[in-house]
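[1] Sequence plus predicted model, see below.
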Amino acid sequence: MRKRKIALLSAILATAVMLGGCGTSSGVWSTSSGSPAEASADETLLPWDYRLVESTVGDLIGSDMAILPDNKLLPNDNNYATNDKVWTLQYMEAKMTVNAEGRNAVTLTEWMPIKSFKTEKEGKQDFELLKVQLTTEVDLVGVYKTTYKDESRYFAVLSLPTGNQIKQPIDEKRYTSMKSMKQVNVLLEEVHDYENYDLAYAKFRGWAS
């Protein structure tokens, strides 16, 4: 089944933020790990992360090669031999479902190789297209304060370009300065789907100012 588009992803993630209320992020999403899988009717798959790893070619199986140490298979398009060193581009997905309590549950898949390269330089060309670092202005949904036993905590809720809303702890100074703001400058990492580049998930990576 094909992965559903950003519009549905946005609605699910927005719901997760609202359900989180004033709790911590761990109260909104529960996480676990598993193998990559196709999304069912009530699930959404989204790109989560990529990495470039130096690997070793193991057994040759037909036109494929096993990549050590995990023995994941990749096509042996460059005619590698056993024990050759290669660089592999690997990916991780997140599978999002709504649990019985109405909260989003996130399952992170194991790392899976997508493509092999003879050199790290070649691999970085693809890697840097799939994980894009940028500075941009995003909508500030609002800031709020919680107090428990004379201890105050401050939070900001942001709406990211791919539609997902996130909550970040902030200090009192930033809380005061952001009270009247509608937009803020942030550092983002956009993770693109390697099969469908238009499908992307934005991750907050810090404040730009």
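    Thanks, I have it.
[2] Let's verify residue 129: helix, strand, or coil?
    helix (DSSP: H, G, I helix; E, B strand; the rest coil).
[3] Quick check: next helix or strand after the strand or helix carrying residue 73?
    Element membership for residue 73 (DSSP states H and E) is strand 72-75. Helices and strands here follow DSSP H and E; after strand 72-75, the next one along the chain is strand 85-98.
[4] same for the next helix or strand after that next one, what does it pack against?
    Downstream of strand 85-98, the next assigned helix or strand under DSSP H and E is strand 104-109. Strand 104-109 sits against helix 6-20, strand 30-34, strand 85-98, with contacts defined as 3 or more CB pairs under 8 Å, 6 or more residues apart in numbering; DSSP states H and E. Using the backbone N, CA and C atoms, a C-beta is placed for each residue, glycine as well.
[5] Run the chain-centre distance for the helix or strand following strand 104-109.
    From strand 104-109 onward toward the C-terminus, using DSSP H and E, the following helix or strand is strand 112-117. Taking CA atoms, centre = their mean, to the nearest Å, one finds strand 112-117 lying 18 Å from the centre of the chain it belongs to.
[6] helices or strands up against strand 112-117?
    Helices and strands touching strand 112-117, by 3+ CB pairs under 8 Å, 6+ apart, are strand 64-68, strand 72-75, strand 85-98, helix 120-130.
[7] Run the angle between the last one and strand 85-98 for me.
    Compare the direction of helix 120-130 with that of strand 85-98 by axes from the mean of the first three to the mean of the last three CA atoms, to 10 degrees and you get 20 degrees.
[8] contacting residues around helix 120-130?
    47, 50-52, 54, 87-89, 115, 117, 191-192, 194 (CB atoms under 8 Å, 6 or more residues apart in numbering).
[9] Neighbours of residue 93, how many?
    24 (other CB atoms under 10 Å).
[10] Spatially nearest residue to the residue nearest the centre of the chain (excluding sequence neighbours)?
    Centroid-nearest residue in the chain: residue 48, 2.7 Å away (criterion: CA atoms, centre = their mean). Once flanking residues are discounted, residue 48 sits nearest to residue 94: 4.2 Å by CB to CB, 6 or more residues apart in numbering.
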